[in-house]
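Asks: got a predicted model here, sequence first, then my questions.
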Amino acid sequence: MSESRVRGLLLGSALGDAAGVVRGRWPLEGPLLAGVSTQLAAFTVEGAIRASVRMNHRGICHAASVVWHAYCRWAVLQGIEPDRISERWARGGGSRWPDGWIAQVPALAERRGSAPATVAALAGLKQGTPENPVTGSRGAHAVTRGLPLGVLWALSGTDTCAAAVRETAALTHGAPDAQDAAVGAARLVAHCLTESEPIPAWVSSAPGAGHPFDSVIRTLPMPHSATPDTVLDLLKAPGGSPDPGQLAWIAPDATASSALLGALFAVSRFPGRDTVGAALQFAAGAPDGSSVACTAGALLGAAHGVEALPVGLLSRLELAWVVDALARDLLQQYVDSPGGGEYRPARDPHWWDCYPGW
């Protein structure tokens, strides 16, 4: 797994989210604004880094709870129950909370769309679990904010990461099919990050049982009561055209499963390195274009690397530097642990200030 692919994953996701904000109609000039999926994904990454830092220094950590703490910081920046949430956390963070460097990024404090299930759970000050959900939401943010966790899947293996991804989705999204979609998306991201197999091979001609592509599709609810085989036939259709009607059929709403199925349809029609921009523009035309394009961008960026993303668009992406820094730091933390640990001095003395381990 290369740094280029990890950066491509996060920046591709953010660029897809931005495409959804403008419904695929790129403005001729000016910044491309981030959506709420990018904001939440940024805090997912920060939480994952801080969970690893905590494990290194304390030897014990429940990763989903550390990510929940990250979402609480996002909530306070957004003005969601700031007094109640701050009272819960500020005592543990010393004189400055929210802490960590991304809490100082102004664009992460701006309202950029709705995230009703996430907000409802945070406002209730109670994190959900797969066994004890706090909402029944099937919404797409269970997928889009968890896409970066595919990096951890690629590094740590299936059993360990599948449970962590499910627990992270369940913090706010209680529907089992939303959690299944989040796990499936992370699995496919990990496949893109680690395999040399080009995307057309696993979309248009993927083998059957046992291949991640087929296996993930069969865990999802199908649109319009279709069968998995019908959906697979549509995705694998040789030379299939980018039909907006078919995109709307396979991804009809703002659910987590639609985000993933719609993204796979867009990727199947625009699988190449030189068609990423077209793929995002097409995906953004789905009924919930932000989630579909966000997920498609993550898959394509992870498969092709950051060099495949359109420079002209990426250079205008509002949070590009923030997202890129988080991508590099995520990989660095899990490969090299710059902040050291209980028995190892920190190579970077500022790492704990950037990513406090709690």
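Replies: Okay, I see it. Numbers count the residues shown, from 1 in each chain.

Asks: quick one, longest helix in the chain?
Replies: The single longest helix within the chain, with elements called by DSSP state H, is helix 36-58.

Asks: quick one: the strands in this structure?
Replies: Defined through DSSP state E, the strands belonging to the chain form an empty list.

Asks: contacting residues for the residue nearest the centre of it?
Replies: The residue lying closest to the centre of the chain (C-alpha atoms, centre = their mean) is Leu147, at 2.6 Å. Residues in contact with Leu147, defined by C-beta atoms under 8 Å, 6 or more residues apart in numbering, are Leu9, Ser13, Ala41, Ala185, Ala186, Val189, Cys294, Thr295, Ala298. C-beta coordinates here come from the backbone N, C-alpha and C atoms, glycine included.

Asks: the second one contacts Thr38, doesn't it?
Replies: Yes - at 7.1 Å, Ser13 counts as touching Thr38 under the criterion of C-beta atoms under 8 Å.

Asks: what is the burial count for Arg218?
Replies: Residue neighbour count, defined by other C-beta atoms under 10 Å, stands at 15 for Arg218.

Asks: contact partners for the residue lying closest to Trp101 once chain neighbours are set aside?
Replies: Using C-beta to C-beta, 6 or more residues apart in numbering and skipping residues adjacent in sequence, the residue nearest Trp101 is Cys354, 4.7 Å away. Cys354 makes contacts with Gly100, Trp101, Asp329, as judged by C-beta under 8 Å, 6+ apart.

Asks: how near is Leu10 to His191?
Replies: Distance, Leu10 to His191, using C-beta to C-beta, to the nearest Å: 17 Å.

Asks: sorry, slip of the keys, the one I care about is Val322.
Replies: 26 Å.

Asks: low-confidence stretches in the chain?
Replies: Applying pLDDT under 70 to the chain flags residues 91-95, 197-198, 200-210, 238-239.

Asks: what about 50?
Replies: Residue ranges of the chain with pLDDT under 50: none are present.

Asks: nearest residue to Ser65 in space, please, no chain neighbours.
Replies: Ser65's closest residue in space is Gln127 (C-beta to C-beta, 6+ apart), at 6.9 Å.

Asks: re earlier: neighbour count: Leu10 and His191, which is higher?
Replies: Leu10 (31 against 22).

Asks: tell me who's in contact with the closest residue to the more buried one other than its chain neighbours.
Replies: The shortest distance from Leu10 to any residue other than its chain neighbours is 4.1 Å, reached at Ala327 (C-beta to C-beta, 6+ apart). Ala327 makes contacts with Glu3, Val6, Arg7, Leu9, Leu10, Leu11, Val45, Pro148, as judged by C-beta under 8 Å, 6+ apart.
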